[in-house]
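S.K.: sequence and predicted structure below; questions after.
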Amino acid sequence: MRTDPVPGALPSRDHLPAAWRDAPVLDVVIPVYDEEKDLGPCVLRLHDHLARTFPYPFRITVADNASTDRTPQVAAGLAASVREVRHVRLDRKGRGRALRAVWSASDAPVLAYMDVDLSTDLNALLPLVAPLISGHSDLAIGSRLARSSRVVRGPKREFVSRTYNLILRGSLHARFSDAQCGFKAIRGDVARVLLPLVEDSGWFFDTELLVLAERAGLRIHEVPVDWVDDPDSTVHLVRTAADDLKGVWRVGRALAVGALPLDRLARPFGDDPRDRRLTGVPGGLTRQLVGFCAVGALSTLCYLLLYSAFRTVTGSQAANALALLVSAVANTAANRRLTFGVRGRDRAVRHQAQGLVVLGIGLALTGGSLAALGAASGDPAHSTELAVLIAANLAATVLRFLLLRAWVFPDRAGATAATAQDPAPPPYDITAHDATTPHAHDPRTAR
């Protein structure tokens, strides 16, 4: 990774050099269990495709998940006869366990995996890894559910796949479209950060990895694929679906109670352009506007309800003043925490006092509008009063935001500018993995 020293330039990851020869650029892992029949044709077909179409050095790693048939002998024969093929033997089953072991030990900058049946058209492999080689994306997945994907499979598997992804969207707020397609890739530096945090060692491994990456704000590239179902697949749909649902519950609960170390994931590579300030572009303005509008909408609703309640027992001016007072205190507290990110009690009283000054301006605008309405129509209808108050509040809202940003909470904007000019180091050192880090190195891969 590099950071452009030119002031105001956005940082980026380097594209891998065209003359890269230090190690294979791509390491494609094929997890297998009792696949003595399909393994040989699969590896030879994949090797032929890569040799013809992939412009960088590559490696194919067969990860044997404790097979009980002749799969180890077939894999060893392939490794002995094809220079780019290697064989890793694991003593326990689990696709996630195999991927973690091989990816953790690999020296390739781009890591991928695919199912042994090669259900996915290999023409999608280069589009899958190209954004990772260029530094544009952090992970890449093949999607069978994209509009332009061409998929041949039975209705049962189609229903299970789409239902599972709907569950992910509803429960974990996932935005990726296809969690379980056996066709994925990840940058090596990203894998070193995420793998120690992924608990699952089976089929849910993919989903957990993607959810953590998405929560980290990493970029996930999706490639529409052509995919033909393998009728001889050994995947047990019911058991796999049950295990996946258990994984969704575990990850969802961990996210809800704050058990996951998400602070280690937030912008772990320190190269997000949102961390930089460009000349003439105020930092954090969009986020503050969104927060202010959300708080303002709720405050306006609260204000109107209070006004209607107070209006039944007092005059319009008094009802307006009381409703503004109560809603303004809540509005200032909410904007202080949610919009401008101010925590703790420091200067809380001062902020409320300044908020009351802003209230005074709002009171002058709304009160003046009511006075003008009364002078014009004498005894206006309640609905007319509400309409005038809404219009006056809209006018006061813009001024209120400017005053809050520039006067009530100016320190937050200053801190943002200081951080933008002198960005802090990444919160998680991706080079700090050693033998004591869980899953960082698996001795079973040292073959």
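M.R.: It's in.

S.K.: which parts of the stretch 101-250 of the chain are helices?
M.R.: With DSSP state H, counting those that start in this stretch, the ranges of helices along the stretch 101-250 of the chain come out as 125-134, 155-171, 188-194, 205-215, 237-257.

S.K.: out of those, deepest packed?
M.R.: Comparing the helices of the stretch 101-250 of the chain by mean neighbour count (mean count of other C-beta atoms under 10 Å), helix 205-215 comes out on top with a mean of 22. No exception for glycine: its C-beta is placed from N, CA and C like everyone else's.

S.K.: quick one: it to helix 155-171, angle?
M.R.: Here helix 205-215 runs at an angle of 30 degrees relative to helix 155-171 (axes from the mean of the first three to the mean of the last three C-alpha atoms, to 10 degrees).

S.K.: can I get helix 205-215 as CSV, trimmed to CA atoms?
M.R.: What follows is helix 205-215, C-alpha atoms only, in CSV (Å, rounded to 0.1, in the frame of the first residue of the first chain):
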residue,chain,number,x,y,z
PHE,A,205,-17.3,-19.4,6.9
ASP,A,206,-18.1,-17.5,3.7
THR,A,207,-21.0,-15.6,5.1
GLU,A,208,-19.2,-14.7,8.4
LEU,A,209,-16.2,-13.4,6.4
LEU,A,210,-18.4,-11.3,4.2
VAL,A,211,-20.4,-9.8,7.0
LEU,A,212,-17.2,-8.8,8.9
ALA,A,213,-15.8,-7.3,5.8
GLU,A,214,-18.9,-5.4,5.1
ARG,A,215,-19.0,-4.1,8.7
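
S.K.: which other helices and strands contact it?
M.R.: Secondary-structure packing of helix 205-215 (3 or more C-beta pairs under 8 Å, 6 or more residues apart in numbering; DSSP states H and E): helix 95-105, strand 139-143, helix 188-194, strand 220-224, helix 237-257.

S.K.: one more time with 10 Å
M.R.: In this structure, helix 205-215 makes packing contacts with helix 95-105, strand 139-143, helix 155-171, strand 183-187, helix 188-194, strand 220-224, helix 237-257, judged by 3 or more C-beta pairs under 10 Å, 6 or more residues apart in numbering; DSSP states H and E.

S.K.: show residues contacting the last one.
M.R.: The contact list for helix 237-257, computed with C-beta atoms under 10 Å, 6 or more residues apart in numbering, reads 96, 156-157, 160-161, 163-164, 167-168, 170-174, 179-180, 198-200, 202-208, 211-212, 215, 236, 259-262.

S.K.: cutoff 7 Å now
M.R.: If you take C-beta atoms under 7 Å, 6 or more residues apart in numbering as the criterion, helix 237-257 is touched by 160, 164, 167-168, 171-172, 200, 202-204, 207-208, 211, 260.

S.K.: so for that helix, mean pLDDT?
M.R.: The average pLDDT for helix 237-257 rounds to 80.

S.K.: among the helices of the stretch 101-250 of the chain, which is nearest residue 340?
M.R.: Nearest of the helices of the stretch 101-250 of the chain to residue 340, taken as C-beta to C-beta: helix 205-215 at 23.4 Å.

S.K.: distance from the closest one to the middle of the chain?
M.R.: Chain-centre distance of helix 205-215: 8 Å, with C-alpha atoms, centre = their mean, to the nearest Å.

S.K.: number the chain from 29, please
M.R.: With 29 as the first residue, the last one maps to helix 233-243.

S.K.: returning to what we had before: with distance to residue 341 added, can I get the helices and strands packed on helix 233-243 in TSV?
M.R.: As requested, those are exported to TSV (distance: least, C-beta to C-beta, whole Å):
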stretch	distance to residue 341
helix 123-133	65
strand 167-171	60
helix 183-199	45
strand 211-215	64
helix 216-222	60
strand 248-252	57
helix 265-285	43
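
S.K.: can you tell me how far residue 354 is from residue 399?
M.R.: In this view, residue 354 and residue 399 are 22 Å apart by C-beta to C-beta, to the nearest Å.

S.K.: return the residue of this protein that is most distant from the centre.
M.R.: Ranked by distance from the centre of the chain (C-alpha atoms, centre = their mean), the top residue is residue 406, with 57.1 Å.

S.K.: neighbour count: residue 354 and residue 399, which is higher?
M.R.: Under the criterion of other C-beta atoms under 10 Å, the comparison of residue 354 against residue 399 puts residue 354 first, with 15 against 12.

S.K.: what sits against that one?
M.R.: Going by C-beta under 7 Å, 6+ apart, residue 354 touches residue 334.

S.K.: and it, what helix or strand is that in?
M.R.: Taking DSSP states H and E as the definition, residue 354 sits inside helix 344-362.

S.K.: tell me the buried residues in that helix?
M.R.: By neighbour count on 16 or more other C-beta atoms under 10 Å, the buried set for helix 344-362 is 344, 347-352, 355-356, 359-362.

S.K.: now stretch 131-146
M.R.: Applying 16+ other C-beta under 10 Å to stretch 131-146 flags 131-134, 136-146 as buried.

S.K.: related to what we said a few turns ago, quick one: least confident of the buried residues of helix 344-362?
M.R.: Of all those, residue 352 carries the smallest pLDDT score, 78.
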